[in-house]
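Colleague: Provided below are the primary sequence and the corresponding predicted coordinates.
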Amino acid sequence: MLHWLPFCTYLVVAIIITIDAFSRYQQFGKRLTVFACFCYFVIILRLCLTPISFSFISADRNLRYFHGVPYNLIPFQQVDLEWFLNVIMTIPLGILLYLIGRKSPFVVIICLSFLFSFFIEGNQFVCDFLFQIGRVADIDDIITNTLGGVIGFYGLKLFDRSIIDKIIQPFFLS
C-alpha cells in the first residue's frame, strides 16, 4: 500500500489546487479548462507514479543503478514505440499551456515542458528509491516529453486568427 503514497499525495494536492482555481474562474469554459488540467495531471500521475510489475524498457538499454533504482542518462540508445508514446503523452500538456498562456514565448514553453518532464522523471526516480514503484528514470523521456509539450503548444498556435481560435476563445485562462 505504501507504493501508492506518492500518487495519493499528489492527487490530494491536485484536488486542492483545482478547487482553488474553480473559485477564481466563474465562466464555464475557463472552469472546463481547469478541469481538463486536473484530469490530465491525474492521468499523468497514474501513468507515471503508480507501481508497475512490468517495464517497456528492453534489455538493449544500458541502465545504471543507484541503490537498486534504475536510470538512463544516455539519450537515444533506442528509438522505439515508447519513445513516440512519450511524445504523444505530452501533446495535451502543450495544448493546455496554450490555453493558459497563448502569448508565451518559445523559451517559456520549452522551459515549462522541460520542468514538467523533469518533475515526472525526478519523481519516478525518488519514488522508486523510497517506495519501490518499479519505474525507470530516463533522459529520453525528458527529451520526448519536452518535445511533445512544444508540439502541442505550437500545433494549436498554428490556428491563431482562424475559426478554431474563435471556437476555443472561451477556454483561455489568460
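Modeller: It's in.
Colleague: What mean pLDDT does the longest helix along the chain get?
Modeller: For the chain, the helix that runs over the most residues, judged by DSSP state H, is helix 106-131. For helix 106-131, mean pLDDT is 97.
Colleague: Okay, buried residues for that helix please.
Modeller: Residues of helix 106-131 classed as buried under the neighbour-count rule (16 or more other C-beta atoms under 10 Å) are 109, 112-114, 116-117, 120-121, 123-125, 127-128, 131. (C-beta placed from N, C-alpha, C; glycine too.)
Colleague: Distance from the chain centre to the next helix or strand after that helix, please.
Modeller: Counting by DSSP states H and E, the next helix or strand C-terminal to helix 106-131 is strand 137-138. Once both centres are worked out by C-alpha atoms, centre = their mean, to the nearest Å, strand 137-138 turns out to sit 14 Å from its chain's centre.
Colleague: Convert the helix or strand following strand 137-138 to PDB, retaining C-alpha atoms only.
Modeller: Counting by DSSP H and E, the next helix or strand C-terminal to strand 137-138 is helix 139-157. Taking Å, rounded to 0.1, in the frame of the first residue of the first chain, the C-alpha atoms of helix 139-157 are listed here in PDB:
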ATOM      1  CA  ILE A 139      16.700  11.000 -20.200                       C
ATOM      2  CA  ASP A 140      14.900  10.000 -23.400                       C
ATOM      3  CA  ASP A 141      11.600  10.600 -21.500                       C
ATOM      4  CA  ILE A 142      12.600  14.100 -20.600                       C
ATOM      5  CA  ILE A 143      13.600  14.900 -24.200                       C
ATOM      6  CA  THR A 144      10.400  13.300 -25.700                       C
ATOM      7  CA  ASN A 145       8.000  14.800 -23.100                       C
ATOM      8  CA  THR A 146       9.500  18.300 -23.700                       C
ATOM      9  CA  LEU A 147       9.200  17.800 -27.500                       C
ATOM     10  CA  GLY A 148       5.500  16.700 -27.000                       C
ATOM     11  CA  GLY A 149       4.700  19.800 -25.000                       C
ATOM     12  CA  VAL A 150       6.300  22.100 -27.600                       C
ATOM     13  CA  ILE A 151       4.400  20.200 -30.500                       C
ATOM     14  CA  GLY A 152       1.100  20.600 -28.600                       C
ATOM     15  CA  PHE A 153       1.600  24.300 -28.000                       C
ATOM     16  CA  TYR A 154       2.700  25.200 -31.500                       C
ATOM     17  CA  GLY A 155       0.300  22.800 -33.100                       C
ATOM     18  CA  LEU A 156      -2.600  24.800 -31.600                       C
ATOM     19  CA  LYS A 157      -0.800  28.100 -32.200                       C
END
